[in-house]
Each structure stands twice: as structure tokens, then as C-alpha cells.
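Undergrad: sequence first, predicted model second:
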Amino acid sequence: MYRTLKFLVFNLALVVSIARAEDAAYLSATAAIVQTAKKSAPDIAAEKAVVTQIIDALAAKELETNEVARKEPQRALDQIEFVVSRPGAEAERAAFCTLLASKLGGALHVPAKVWLLKSLERIGKAESVEAEVKALADSSDLVRETARRALAANPSSESSDELITSIAASGDISTRVALIEALGFKRNKADVKLFEKEMQSPDGRVKAAAMAALTAQGIRKEADAMEQVAGLIDAGRAGKAESIATLVAALDSENIKIRQSAVQAVALHAAPDMTAALVAKLKAAPTDVKPALIAVLGQRGDKAALPALKDELSNTDVAVKVAAIQGIGKVGDGSAVALLIELAAMGKGDEQRAARDSLERLRGADVDTALGGFVSSQIKQYSLEALQLLAIRNAVGSSPVVLKYLASSVAGARTEAVKTLGAIGGKDALEPVLSIVVKAGEKDSTERDAAAKSLVTISRRLPENGAHLDAIAKAAKDSSDPARIALLTSLGQIAGTKALAAIHDGMKDANEKIQDAAFRALANWPDSKPIDDVLDIAKTSKNETHRVLALRAFVRMAALPGEHSAKETLALCAKADDAVKTPDDRKLVLNAVSDIKDFGAVHACAKYIADAKVSEEACVATVKVAKRYESGHAAEIAAAMKDVIAHTKNKSIKDQAQALLDKQGQK
């Protein structure tokens with residue numbers, strides 16, 4: 001899914017805008033809590049309800065690997081965290097953390113779990129310990145590490161007790177190491193005996209973690225450890241041949257600080273013989289040490305290590321093989337493509353993921369050339385893998401190879417080629433892709449839709465209103481109905497004067513399906529150029545579906561960032577009065593007006609208060625806007641708040657209106 005998202009990046013803006021619309025309710029509630037937290041008694045139940053909404057929104061994001069799609073709920077959660085962690089709000093903080101801890105046990109995706117754990121890391125205490133310990137057993141490395149950090153930062157005595165108990169009970173080495181590191185971070189002298197005991201472990205990782213924990217307590221087993229660390233770094237920077245043996249030997253140190261410094265020093269050391277020494281060490285190293293040595297070779301980025309890393313691909317140990325694949329991605333070139341693409345196409349699990357990541361990471365024009373050679377492979381999986389990678393790598397120079405394949409490929413692979421051209425194609429790709437939209441049969445909707453989307457991304461790389469749009473517009477008139485509908489949708493996303501003219505033509509077509517497609521393209525227009533068109537439709541259309549969609553489009557266009565000033569937006573919304581015919585219409589306009597940063601929005605919302613069908617919504621909107629102007633406009637705010645108090649049945653809104661009225665000094 002992640003690779004597809006990176007590949008179809010042009011859909012991201014639409015997804016984010018939908019997410020923001022869906023999140024409006026909890027975002028508004030969050031803002032209310034933030035504004036009132038220090039002014040009145042806390043409503044813990046209300047805060048918990050809002051936090052639940054926020055977590056549900058965070059969990060519901062289908063684009064779970066995409067930070068932009070998660071931004072709003074994350075920001076909302078952070079705002080609530082800030083409020084409940086203020087001085088004197090211990091009950092709110094505990095309730096907040098208890099709720100977060102309970103949600104960690106649910107079916108959350110990794111980014112959501114990490115965000116909750118980071119919040120607990122900052123303000124969690126005893127109530128979050130149990131959930132943090134359970135998260136140490138999560139299948140995700142990132143979740144486990146974040147949980148370890150949260151436990152380490154937890155100031156409660158319960159967290160220390162739980163860590164000690166868990167260390168004693170843990171049979172998994174990785175978990176045991178994480179628990180020891182977390183306990184060591186607390187720097188509690190009472191834990192020294194436990195760490196000294198763990199230093200007797202036969203496992204090197206446990207021993208190293210215990211030593212690091214003792215160091216954190218100020219107890220050093222080697223008096224010259226820090227001096228040795230500094231010396232290693234200096235030797236790495238100097239890059240002299242005589243220091244190679246010393247630095248390589250330091251990689252085996254029992255002191256974790258020395259090992260870490262040795263890794264850094266080896267990466268800094270520029271002498272070619274250093275790579276040779278590490279390769280020799282790799283060949284003789286035991287299996288459990290090899291992944292770390294391979295990682296060091298990868299950090300150096302020296303292509304001389306490539307043959308040795310290729311040899312490790314035959315290792316039967318999965319961890320070694322995955323490390324070798326990752327290392328090849330850091331030091332490899334075009335000669336590594338054949339090995340990696342086989343693993344990417346035919347491999348499974350961690351090996352397949354590592355191969356794909358390495359193919360994305362490889363640098364050099366020869367890499368794209370090598371991938372292009374697999375586009376026309378007789379093995380379909382290789383073709384698909386190569387096409388997807390060329391798109392992800394933005395290999396613009398490979399467009400001719402993909403175009404050539406487009407003419408000869410079978411349907412499934414041809415669809416992938418069309419998608420790739422959408423990512424890397426230029427003017428030369430437009431006509432072949434347009435031809436696929438036109439020629440696709442009624443049942444070839446997948447290929448036709450992929451080609452129509454690629455037309456959009458290709459067109460956006462070409463001059464606005466360029467000649468290429470003439471060809472698309474002509475095809476939108478002369479093709480079969482499915483092709484015309486797809487092309488009209490594409491034109492609506494491309495936008496511009498020529499595209500808008502083609503949409504106007506489509507709306508006059510005798511075919512109702514074409515009319516509908518053209519109208520929907522207009523309603524989804526990315527800027528406000530057709531705002532007068534959609535308002536006219538909202539006022540006059542006899543098609544109720546079109547009328548409602550046109551009104552929504554008008555309100556959206558009026559509020560587009562950067563298109564109009566606040567006063568202009570308010571004036572535009574006033575122009576929609578003749579198009580507002582139902583309670584739902586009025587609620588739509590109220591919601592839009594309440595977000596306008598202009599005092600005139602108070603009057604625009606208040607005029608609906610007397611309307612029984614939307615009175616409560618109007619009262620909420622009026623109070624929301626008036627809060628932005630607590631000083632100034634005293635008489636107008638007072639009049640509006642009196643109107644709210646007289647009509648609303650919502651005690652909270654009535655109290656808020658009364659508070660605003662009191663500030664104006666009026667009765």
C-alpha cells in the first residue's frame with residue numbers, strides 16, 4: 001500500500017481535504033476545550049469524549065503511513081495534552097492518560113500507537129505503566145522502542161517496579177535488553193545490583209545493556225572509557241592506515257559507548273584499506289555479529305564492499321540476508337539491480353521489503369537503465385516491479401522504454417505502464433495514454449481510469465492551457481460514452497481556461513450521462529474560477545442532486561485559501577441566499593460562515609436564529625464567531641447573545657452566551 005501511495009501522490013490533496021471535512025467536529029470541540037480550560041471548571045467527561053473522537057479519527061486514516069493525512073488528529077491530540085498537563089489539572093491529566101492507555105490495546109495501526117505512546121512519554125505516570133509494558137511485546141520495532149522510551153521517562157515508582165518485575169520474567173533477549181535500557185535511563189542507584197547481576201549474562205547484548213545502565217548511574221567499569229571514545233573518533237577523522245586494526249577491534253568492545261564510537265569512527269575513516277579490513281572481519285565473523293558489520297560497511301558507502309555483501313545473500317540466516325540486501329542498497333550500483341529485482345519480485349516478507357527499499361535507494365543513471373531492461377522481461381512480476389520502481393524513482397529518462405513497452409504489453413502490465421507514465425511521462429507520453437482512454441472497451445474500466453488519471457499528472461507537467469488540452473477536449477467530444485466521462489473528469493482536475501470550455505460544452509450535450517459527468521467535474525473544480533457557474537446551477541437547477549452539489553461547491557470555492565479575503569468570502573456567502581432552500585442548505589452555509597474571520601459573520605449567523613429548523617445550529621455558530629471578538633462591537637455582540645439566550649435550549653451554549661454578554665457589561 002505504501003508504494004502505491006508514493007506512486008499515486010497526485011491523489012493526496014483530495015484525500016487530505018476529505019479528511020479535514022470529516023474531522024471538523026472534533027477539531028471544533030478541541031478548540032473549545034483549549035479556550036475554556038483555564039476559565040472554568042474542567043469537564044473531564046467532555047474531554048474524554050473529544051479525545052476518543054480524535055483517536056478514532058487517527059485510527060481511521062487509511063493513509064496510515066502518510067504524515068499529512070494524520071496531521072489534524074495528531075495536532076488535536078497534542079492540544080488536549082497541553083491543556084490537561086497544566087498545573088493543578090492532575091485529575092484531567094490522569095483521565096487523559098488512562099484513556100490513551102486503554103486505546104493502545106485496540107486495533108490501532110503503528111503510527112497511531114506511536115503517537116499515543118509519545119504523549120504518554122511526556123505526561124504519563126502510574127496509570128500508563130501497564131499499557132506501556134504490554135506495548136513492549138508489540139510486533140512493530142518502532143512501537144516497542146517508543147514504549148521503552150515512555151517507560152524510561154515515566155516518573156512513577158510503579159514504572160520502576162514494573163520494569164524490574166518484567167526484567168526478571170522476560171525470556172526474550174531483545175525485550176530484556178529494552179527493559180534494562182529503560183530502567184537504566186531512570187538513573188536510580190537502587191538498581192545497581194540488578195545491573196551488576198545482568199552483566200553476568202552469557203548474552204553479549206544483555207551484558208552490554210547492563211554495562212551502559214551502570215555507566216548511566218555514574219559507575220564505570222573502565223576508568224579510561226571516555227578517553228578511549230574520544231581517541232577512536234579522532235583516529236577515524238584522521239584516516240591513517242595504522243589505526244585500522246585498533247578501530248576494527250573496538251567494534252567488539254563490551255562497552256556499548258566504545259562500540260558505538262567505533263562504528264562512527266569506522267564510518268569516518270576514509271582509507272580504502274578500512275573497507276578491506278571490515279570485509280575480512282565479516283567473512284570470519286559469527287552469524288550473530290554479521291548484521292552489525294554489514295551495517296557498518298553500508299554506512300561507509302564504499303562500493304568496494306559490494307562483492308562481499310552479494311556473497312552474504314546466500315547466507316541461510318534471514319537477519320544476515322536482510323542486512324546484506326539493505327547494505328547493497330547503500331553501496332550498490334546498476335550491477336546489483338538483477339539480484340535485487342529477483343528478491344523484490346519473488347521474495348517474501350522482510351527480504352522482499354528490504355529489496356524494494358534498496359532498489360529505491362540505489363543511486364546512479366546506470367540503475368535506471370538496468371531497471372529499464374527489466375520492463376520488457378518475459379517474467380511479468382519483473383516487469384511490474386521495474387515499472388513501479390521507475391515511477392517511485394522519478395526516472396524521467398526511462399519514459400521512452402516504458403512507451404515502447406506500452407504498445408506491446410498485455411493488459412495487466414499495460415495498466416502498470418500507464419501508471420508509470422503518469423509519474424514520469426512528458427509531452428511524448430500524452431497521445432499514447434489518451435489513446436488508451438479512448439480505445440478501452442466498456443469492460444476495461446481499470447485501464448481506462450488509470451490512463452485518465454495519468455493524463456491529469458502528465459498535463460500538470462505541461463504548460464497551462466497548452467495545445468495538449470485541445471486533443472483531450474476533442475476526444476471528450478468524439479469518443480464513446482465511458483471515454484468521454486473519464487476525460488471530462490480528467491479535464492476537471494487539470495483545470496484552466498481550455499478545460500473549462502470543454503466542460504461547458506459537455507454540460508450542453510444531449511446525453512444526460514455526459515451532462516452529469518461535466519457537471520460533477522465543474523463541482524469538483526480545484527479553484528474558484530467557475531464559482532458563478534455553480535451558484536447559478538444552485539439557484540436554478542431542477543435536478544435536486546445537482547442543486548445540492550452545486551451549493552456545496554459554491555461554499556467550498558468561496559472559502560478556498562488565498563482566493564478571497566474574509567470580507568469577500570462573507571459577501572459571496574450572502575449571494576447564496578437565493579440558493580438556500582432547505583434546512584440542510586442553511587446548516588451548510590452556517591458552518592461555512594462560522595469559519596470566516598470577519599465580524600460580519602456574527603450577523604450572518606444570527607439571522608438564522610429565529611428559524612426553528614436551524615435555530616440551535618445558528619446559536620452555536622453565532623457564539624463561536626462572537627468569541628473571536630470579546631472586546632469591541634459591544635452593542636452588536638450583546639444583541640446577538642440576547643437572541644441566542646432567548647432561543648437556545650442548550651445549557652452550555654446559553655452559559656457561553658451569558659458569559660459573553662457579561663463581558664460587554666450589559667444586562
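TA: Noted; the coordinates are in hand. Residues are numbered from 1 along each chain as shown.

Undergrad: make it CA atoms for all contacts and neighbour counts henceforth
TA: Fine.

Undergrad: just the C-alpha atoms of stretch 300-318, please, in PDB.
TA: Output of stretch 300-318 as PDB, limited to C-alpha atoms (Å, rounded to 0.1, in the frame of the first residue of the first chain):
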ATOM      1  CA  ARG A 300      30.800   3.800   4.800                       C
ATOM      2  CA  GLY A 301      29.100   3.700   1.300                       C
ATOM      3  CA  ASP A 302      32.200   2.200  -0.300                       C
ATOM      4  CA  LYS A 303      31.400   0.200  -3.400                       C
ATOM      5  CA  ALA A 304      34.400  -2.000  -2.800                       C
ATOM      6  CA  ALA A 305      32.200  -3.800  -0.200                       C
ATOM      7  CA  LEU A 306      29.600  -4.800  -2.800                       C
ATOM      8  CA  PRO A 307      31.100  -8.200  -3.700                       C
ATOM      9  CA  ALA A 308      31.200  -9.200  -0.100                       C
ATOM     10  CA  LEU A 309      27.600  -8.100   0.500                       C
ATOM     11  CA  LYS A 310      26.500 -10.000  -2.600                       C
ATOM     12  CA  ASP A 311      28.200 -13.200  -1.200                       C
ATOM     13  CA  GLU A 312      26.100 -12.800   2.000                       C
ATOM     14  CA  LEU A 313      22.900 -13.100   0.000                       C
ATOM     15  CA  SER A 314      23.400 -16.800   0.000                       C
ATOM     16  CA  ASN A 315      23.600 -16.900   3.800                       C
ATOM     17  CA  THR A 316      20.800 -19.100   5.300                       C
ATOM     18  CA  ASP A 317      20.300 -16.700   8.300                       C
ATOM     19  CA  VAL A 318      17.400 -14.400   7.500                       C
END
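
Undergrad: average pLDDT for it, rounded please.
TA: Taken as a whole, stretch 300-318 has an average pLDDT of 93.

Undergrad: buried stuff in that stretch?
TA: Arg300, Gly301, Asp302, Lys303, Ala304, Ala305, Leu306, Ala308, Leu309, Lys310, Glu312, Leu313 (16 or more other C-alpha atoms under 10 Å).

Undergrad: residues in contact with that stretch?
TA: Stretch 300-318 has contacts (C-alpha atoms under 8 Å, 6 or more residues apart in numbering) with 266-268, 275-276, 279, 287, 294, 297, 320-321, 324-325, 327-328, 330-332, 351.

Undergrad: same check on stretch 363-382?
TA: By C-alpha under 8 Å, 6+ apart, stretch 363-382 touches 332-335, 337-338, 341-342, 345-346, 383-384, 386-387, 389-390, 395, 398, 401-402, 405, 413.

Undergrad: will you turn the buried residues of stretch 300-318 into a markdown table that also has secondary structure and distance to Asp598?
TA: Converted to a markdown table, the buried residues of stretch 300-318 look like this (DSSP: H, G, I helix; E, B strand; the rest coil; distance: C-alpha to C-alpha, whole Å):
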| residue | secondary structure | distance to Asp598 |
| --- | --- | --- |
| Arg300 | helix | 58 |
| Gly301 | coil | 57 |
| Asp302 | coil | 60 |
| Lys303 | helix | 62 |
| Ala304 | helix | 65 |
| Ala305 | helix | 64 |
| Leu306 | helix | 63 |
| Ala308 | helix | 67 |
| Leu309 | helix | 64 |
| Lys310 | helix | 65 |
| Glu312 | helix | 66 |
| Leu313 | helix | 65 |
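
Undergrad: what number of residues lie near Pro430?
TA: Careful, residue 430 is Leu; it's not Pro. Using other C-alpha atoms under 10 Å, Leu430 has 23 other residues around it.

Undergrad: and if you look at Ala245?
TA: Ala245 has 12 nearby residues by other C-alpha under 10 Å.

Undergrad: one more: Ala365?
TA: Ala365 has 12 nearby residues by other C-alpha under 10 Å.
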